[in-house]
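A.B. asks: Sequence first, then the predicted structure:
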Amino acid sequence: MEANFEKIISFAIEKENEAAELYRGLSSRVQKQNAKTMFDELSAEEVKHGEFLKSMTEKSIPNLKLEDVTDLKISDYLVDITFKPDMDYQDILIMAMKREESAVKLYSDMSAQVQEPEVKNLLNFMSQQESKHKLRLETEYDKNVLAED
């Protein structure tokens, strides 16, 4: 299990770092202060996820509490958007939502592939954390994009 565990953790840390960098970049691109704050907070949370994962060893996986996270499913009906420097706020939110949707699926798929209960629980916990980010972005989209129509 050790090699499998090490690969999973290393891969997850890389994904968390990529997400933190994405949100730092998005924060610098938006004009609305509440959007900057949201992206800064999401970046900080992704950094914390990476640090949390770095602290993991096979022997130290805590018994993580899983909870249900509401899924507004807004991103389920949107098309992936490729980053462009001149993206508007709606497109930025869509790109971020789709990224979180992919992260949820990635962790869920990885969880389905492992047999070890502790590793499965860790991956489900990470999926839950990304679901919370997706919910936050979907809520922002609902309030500030859909409500404007």
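C.D. replies: That came through, no problem.
A.B. asks: Excluding chain neighbours, give the residue nearest to residue 80 in space.
C.D. replies: Leaving out its chain neighbours, the residue that sits closest to residue 80 by Cβ to Cβ, 6 or more residues apart in numbering is residue 98, at 4.9 Å. C-betas here are computed from N, CA, C, even on glycine.
A.B. asks: same check, this time on residue 39
C.D. replies: Distances taken as Cβ to Cβ, 6+ apart place residue 27 nearest to residue 39, at 3.7 Å, with adjacent residues excluded.
A.B. asks: Counting by contacts, list what the helix or strand where the one you found lies packs against.
C.D. replies: Element membership of residue 27, judged by DSSP states H and E, is helix 2-29. For helix 2-29, the packing partners by 3 or more Cβ pairs under 8 Å, 6 or more residues apart in numbering; DSSP states H and E come out as helix 33-54, helix 89-113, helix 117-144.
A.B. asks: Now that residue 81 has come up, it's in contact with residue 93, right?
C.D. replies: No - the pair residue 81 / residue 93 is not scored as a contact, 9.5 Å apart, by Cβ atoms under 8 Å.
A.B. asks: between those two, which one's more packed in?
C.D. replies: A direct count of neighbours by other Cβ atoms under 10 Å for residue 81 and residue 93 places residue 93 higher, at 27 against 17.
A.B. asks: For residue 58, see how far away residue 103 is.
C.D. replies: Residue 103 sits 23 Å away from residue 58, going by Cβ to Cβ, to the nearest Å.
A.B. asks: go on, residue 80?
C.D. replies: Using Cβ to Cβ, we find residue 80 at a distance of 35 Å from residue 58.
A.B. asks: got the contact list for the residue nearest in space to the middle of the chain?
C.D. replies: The residue at the geometric middle of the chain, judged as the C-alpha nearest the mean C-alpha position with Cα atoms, centre = their mean, is residue 130 (3.5 Å). Contact partners of residue 130, counting by Cβ atoms under 8 Å, 6 or more residues apart in numbering, are 100, 103, 104, 107.
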